[in-house]
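Chemist: Got a predicted structure here, sequence first:
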Amino acid sequence: MRILVTGGAGFIGSRFVTMLLQDRFVGWEGADTTVLDSLTYAGNRANLPAAHPRLHFVRGDICDTELVHDLMRGADAVVHFAAESHVDRSLTGPTAFYRTNVVGTQSVMEAALRARVERVLHVSTDEVYGSIETGAWTEDSPLLPNTPYAASKAGSDLVARSYWRTHGLDVSITRCSNNYGPHQHPEKLIPLFVTRLLQGLPVPLYGDGSNTREWLHVDDHCRALHLALNKGTAGEVYNVGGGNAWTNLDLTHRLLELCEADRSLVRYVTDRKGHDLRYALDDSKIREELGYAPRVPFDQGLADTVAWYRDHPDWWRDAAAPPERPDARALT
Ligand SMILES: NC(=O)c1ccc[n+]([C@@H]2O[C@H](COP(=O)([O-])OP(=O)(O)OC[C@H]3O[C@@H](n4cnc5c(N)ncnc54)[C@H](O)[C@@H]3O)[C@@H](O)[C@H]2O)c1
Ligand SMILES: Cc1cn([C@H]2C[C@H](O)[C@@H](COP(=O)(O)OP(=O)(O)O[C@H]3O[C@H](CO)[C@@H](O)[C@H](O)[C@H]3O)O2)c(=O)[nH]c1=O
């Protein structure tokens, strides 16, 4: 078995590859893995084993269709993670988002079609549905993305779907909620707040902190991706939710406790432009059809994540700073 993973040096992709190399996915034991990653600010080669007999790392751009096609020759499956992933960056620099997320996904689908890859999984997000005040999105909910990031991911979903509908490419799409865990870039809420609190620095809470997100441990997400790739149906979408809905304010209070930090470190700053109020996924389809069930209790997963950042300051100290925000800059 040969698997190509795009974006495999990022947060979720590297965890997926690590679990694969540890033979944690039933039926894929001994699989050879090729990672294609351009190592943007978000990619880190050190997220993966330095050397492993079943890992081949290629630094390259998913928009280079010839390269992607060459790497796909003989591959049994492709898992497509590569993307620009941070909403705040998409507000100030959207071009890279449309290039990588839309054009790059078209390149990956085209290469998979030409290389006759048997199975493709496109990793997407609940943000394509927009914002929901009550209830939860099913896979049939309309796509109403609100930010450049979300719009580019919605575009990528439609590109993937069109390769299935027009050309019969065997591709499924997953849409998951907010992931957390080790190796997440400290531009995202949990690692940003944890790494700042551990240094005794204030944390920037957008708006009034009432925005709500559902948190999913990265290991549970990776298990869901394995199931979707192995047992999912071409052309179908599968939601993957965490079931743990928290307002940002409540989550911040939890992080303050875990980091043994004082509430005075919370700073309310100007809200994110177009800030989605609430995300909520109905993931009964993947649970009932593919047998998915999350395993990591949120309290345990969050405590372990904080401990990981506490134990790995060398990993995050040099990470690229989040985009400059005048009010966030004033915090330091
Ligand atoms: N993190 C989340 O909470 C979350 C939730 C839902 C969906 N997703 C989706 O999951 C996927 C992975 O997210 P993540 O959080 O691991 O992202 P990440 O930003 O940590 O990693 C993205 C990886 O893609 C690589 N990359 C970017 N542009 C590239 C290009 N043009 N060519 C090749 N490689 C390129 C980067 O170097 C990096 O290693 C993304 O598609 C994202 O939209 C993430
Ligand atoms: C960085 C930051 C974020 N926030 C708020 C904004 C959001 O309501 C919440 C989480 O923000 P972020 O960690 O940036 O994540 P969010 O915008 O929800 O997007 C994430 O989750 C999405 C899935 O829902 C993924 O598709 C994205 O790739 C991923 O980045 O915290 C703050 O209040 N302060 C901050 O400094």
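Modeler: Received it, and whenever you're ready, just let me know what you need. Ligands and ions are numbered 1, 2, ... in the order given.
Chemist: can you give me the helices in the stretch 1-150 of the chain?
Modeler: Secondary structure of the stretch 1-150 of the chain, counting by DSSP state H, counting those that start in this stretch: helices at 11-21, 65-72, 87-92, 95-97, 104-114, 148-167.
Chemist: Report whether stretch 276-293 contacts ligand 1.
Modeler: No: Stretch 276-293 is not in contact with ligand 1 by Cβ under 6 Å from any ligand atom; minimum separation 9.8 Å. To be clear about C-beta, it is placed using only N, CA and C from the backbone, and glycine gets the same treatment.
Chemist: contacting residues around that stretch?
Modeler: In this structure, residues lying in contact with stretch 276-293 by Cβ atoms under 8 Å, 6 or more residues apart in numbering are 126-127, 129-133, 135-139, 146-147, 150, 174-178, 210-214, 223-224, 227-228, 231-232, 238-241, 243, 245.
Chemist: Only the buried residues of that stretch, if you could.
Modeler: The neighbour-count check on stretch 276-293 (16 or more other Cβ atoms under 10 Å) flags D276, R278, Y279, A280, L281, D283, K285, I286, R287, L290, Y292 as buried.
Chemist: For ligand 2, tell me which of the contacts of stretch 276-293 show up nearby.
Modeler: Applying Cβ under 6 Å from any ligand atom to those, those adjacent to ligand 2 are D126, E127, S177, N178, N211, R213.
Chemist: Considering the residues you listed, which possesses the most neighbours?
Modeler: Using other Cβ atoms under 10 Å as the neighbour definition, those reach their maximum at D126, which records 27 neighbours.
Chemist: follow-up on the earlier one: now the ones next to ligand 2 among the contacts of stretch 276-293 in TSV, please, with extra columns for pLDDT and distance to S264.
Modeler: Formatted as TSV, the entries for those read as follows, by pLDDT from 0 to 100; distance: Cβ to Cβ, whole Å:
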residue	pLDDT	distance to S264
D126	98	33
E127	98	32
S177	98	30
N178	98	26
N211	98	22
R213	98	24
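Chemist: From these, pick the one nearest E110.
Modeler: E110 has its nearest neighbour among these in E127, at 24.7 Å by Cβ to Cβ.
Chemist: Next, count neighbours for the residue nearest to the closest one when sequence neighbours are not counted.
Modeler: In this structure, E127 finds its nearest non-sequential neighbour in A150, 3.9 Å apart by Cβ to Cβ, 6 or more residues apart in numbering. The local packing count at A150 equals 25, with neighbours defined by other Cβ under 10 Å.
Chemist: just S131 next, same as before
Modeler: What S131 shows, counting by other Cβ under 10 Å, is a neighbour count of 18.
Chemist: dump the residue contacts of it.
Modeler: Residues near S131 by Cβ under 8 Å, 6+ apart: N146, D276, L277, R278, Y279.
Chemist: Next to ligand 2 in this structure, residues from the stretch 151-300 of the chain, please.
Modeler: Proximity of the stretch 151-300 of the chain to ligand 2 (Cβ under 6 Å from any ligand atom) is limited to residues 177-178, 188-189, 192, 204-206, 211, 213, 248, 272, 279.
Chemist: Any residues of the chain in contact with ligand 1? List them.
Modeler: 6-7, 9-13, 37-40, 42-43, 61-63, 81-85, 100, 104, 123, 125, 153, 176, 178-179, 185.
Chemist: So which residues of this structure form strands?
Modeler: If DSSP state E is used as the criterion, the strands of the chain fall at 2-6, 32-37, 55-59, 77-80, 119-125, 171-176, 178-180, 203-206, 212-217, 237-240, 245-247, 266-269.
Chemist: Next one: the residue lying closest to N230 once chain neighbours are set aside relative to D170, how far apart?
Modeler: Leaving aside its sequence neighbours, N230 sits nearest to G27 (Cβ to Cβ, 6+ apart; 6.3 Å). Distance, G27 to D170, using Cβ to Cβ, to the nearest Å: 17 Å.
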